[in-house]
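[1] Sequence first, then the predicted structure:
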Amino acid sequence: IESTLTKLVSAITELTNENKITNSIIRQNKEDITQMKKEIQITNKEIRRQDKTNRLNNLVLYGVQEREHERNIDTFYIICEIFANYFGFQLQEYHFNNVFRIGKGNNRPILIKFNSFITKQQIFDRSTMLKGSNYKLDNDYDYNTRQIRKKLFTFMHEARGKGHRANIINDKLKINGKIYDLDHLENGFRNAENLDQIHNRRHSFRARSNSPIRNYNDSPNWLLR
């Protein structure tokens, strides 16, 4: 019995030591994975930042009828004609880095790459002059921003349907002069059925307190002034 107990104690001790080694390896692996995730997040953030930087001089023009067998040079002349007619800009080849159609289907949008941000901004500042035409001019947004903007459209239409002034600016939604990000809006909707309910909660808070309204980052329920 003593011999058997000694062997059992020895086996248990050995298993305990192996378990400690295994746990140490698991902890190290977890730390390595955590570090890798951080590095991946940093890398992805840098890639998105660089992508946005590369798009700063770009615009996208929608609604331009696509001609049969249209070449890039043809697209270039179409762009120059539209900008001359609507904005009074006589652009030359040296103003552009490239001009080409993007996407699939008929009448694809035109991606316009300018050599100068100043030229791009001068054009974009006059984009309201296209109102009433079939054309629409917008910034060249990165993939993540495009996905955010798609979701923001729902909140924008909801706000406008309730009589509020709302429009999308890059990846944020401006409502009655205040700017909200997507996370803020989605968090607010988890506890409220619609913008009016959030709006009423905010007014109810103001009626009970003399303190100023907090910044939109302070609470997801502080929406719509």
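    Yep, that arrived.
[2] Next, residue 106: phi, psi?
    Phi and psi for residue 106, reported as degrees, to the nearest 10, are phi -90, psi 150.
[3] Can you find the helix or strand in this structure with the smallest mean pLDDT?
    Within the chain, no helix or strand scores below helix 195-208, which has a mean of 50 by mean pLDDT, DSSP states H and E.
[4] and residue 10, what helix or strand is that in?
    Applying DSSP states H and E as the criterion places residue 10 in helix 2-54.
[5] so after that helix, what's the next helix or strand?
    strand 58-62.
[6] In terms of secondary structure, what does that following strand contact?
    With contacts defined as 3 or more CB pairs under 8 Å, 6 or more residues apart in numbering; DSSP states H and E, strand 58-62 has these neighbours: strand 110-114, helix 117-124, strand 136-139. Any C-beta I mention is one placed from the backbone N, CA and C, and that applies to glycine too.
[7] Neighbouring strands of the shortest one in the sheet, and parallel or not?
    Pairing partners of strand 136-139, with direction, according to DSSP bridges: strand 58-62 (antiparallel).
[8] Tell me which residues are up against the partner strand.
    For strand 58-62, the surrounding residues in contact (CB atoms under 8 Å, 6 or more residues apart in numbering) are 79, 82, 102, 109-114, 120, 123-124, 135-140.
[9] Swap in 6 Å and give it another go.
    Residues from elsewhere that reach strand 58-62 (CB atoms under 6 Å, 6 or more residues apart in numbering): 109-113, 120, 136-138, 140.
[10] which of those residues count as buried?
    The neighbour count (16 or more other CB atoms under 10 Å) marks 109-113, 120, 137, 140 as buried among the contacts of strand 58-62.
[11] any idea which of those residues is closest to residue 3?
    Taking CB to CB as the measure, residue 140 is the one of those closest to residue 3, at 79.9 Å.
[12] got a pLDDT number for the nearest residue to the closest one once chain neighbours are set aside?
    Nearest residue to residue 140 in three dimensions, chain neighbours excluded: residue 58, at 3.5 Å (CB to CB, 6 or more residues apart in numbering). pLDDT for residue 58: 96.
[13] Tell me how far residue 58 lies from residue 178.
    Distance, residue 58 to residue 178, by CB to CB, to the nearest Å: 29 Å.
[14] With neighbour numbers in mind, choose between those two.
    residue 58 (17 against 14; other CB atoms under 10 Å).
[15] Which positions are bridged to the more buried one in the beta structure?
    Where residue 58 sits in a bridge, its partners, by DSSP bridges, are residue 113.
[16] Now do the contacts for the spatially most central residue of the chain.
    Closest to where the C-alpha atoms of the chain average out (CA atoms, centre = their mean) is residue 145, at 2.3 Å. Contacts for residue 145 (CB under 6 Å, 6+ apart) come out as residue 171.
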